[in-house]
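K.L.:
Fold the following for me, if possible:
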Amino acid sequence: MITRKRKIIFIQFVIFFVATSLLYHTYRDKNEVSEEILKVEVETDSDTNYFSDIEYSGFDLNGNRYTLNASEADFKTEKPEAINMIDVVANFYLKNGNILKVVSNEGLYNNITLDMEFREDVKSNYLTNVLFSDKLNYSNSSGKLLASGNVRGESVEKGEFSSDKAEYNLTNNNLDFSMLGNKQVNVKLKN
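P.N.:
Modelled structure (predicted):
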């Protein structure tokens, strides 16, 4: 009977030793991993604030509602009203019930004056009309959109045009286009 008790105590001691050894090695490895995580350094620019998945919304001075979305944005601490944006989508919900959508690779939003600038591969959709340009500025005070640089427009009903500049007035829904110098505006009307 005594040998049986010794065997049981010996087996319990071995199990205790193995369990203690496993616990020690398990937690020792986790401490090493957390030390590696702590060694990761993050570089930040103290003069610039970065954020992602942003949305601004409000009403312009003409009473049109708008939403402005971007995947990434930043602003300088000395000029916090100028928001630089990437992958920009803006929707203008006009008082007449129509929607003007503007998409661009980059943009700038002034959250005080509510002026917007869209840059690089700008595409504007209004009803069945599409306007492409290098740059599009929205002036809140005048209620106008000014497209410049490789301006090209397409309309399902009316045809297409190309010009140096195009100005869209949100108040009276007029589109004016012009060329610099003595060049002429190119227009192809549909029959």
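K.L.:
Number of residues surrounding Thr67?
P.N.:
13 (other CB atoms under 10 Å). Every residue, glycine included, has its C-beta placed from N, CA and C.
K.L.:
Before we move on, what's the pLDDT of the nearest residue to it once chain neighbours are set aside?
P.N.:
Distances taken as CB to CB, 6 or more residues apart in numbering place Ser57 nearest to Thr67, at 4.5 Å, with adjacent residues excluded. For Ser57, the pLDDT comes out at 89.
K.L.:
Now Lys101: closest residue in space, sequence neighbours ignored.
P.N.:
Per CB to CB, 6+ apart, closest to Lys101 is Asn125, 4.6 Å.
K.L.:
The residue nearest to Thr67 against Asn69, yeah?
P.N.:
No - Ser57 is not in contact with Asn69 according to CB atoms under 8 Å; the separation is 9.1 Å.
K.L.:
who's more crowded, the two?
P.N.:
Using other CB under 10 Å, the more surrounded residue of Ser57 and Asn69 is Asn69, with 17 against 11.
K.L.:
which residues sit in contact with that one?
P.N.:
Asn69 sits next to Ile54, Glu55, Val88, Val89, Ala90 when contact means CB atoms under 8 Å, 6 or more residues apart in numbering.
K.L.:
Now distance to Gly149 too, for those residues, in a markdown table please.
P.N.:
Formatted as a markdown table, the contacts of Asn69 follow (distance: CB to CB, whole Å):
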| residue | distance to Gly149 |
| --- | --- |
| Ile54 | 26 |
| Glu55 | 27 |
| Val88 | 16 |
| Val89 | 20 |
| Ala90 | 18 |
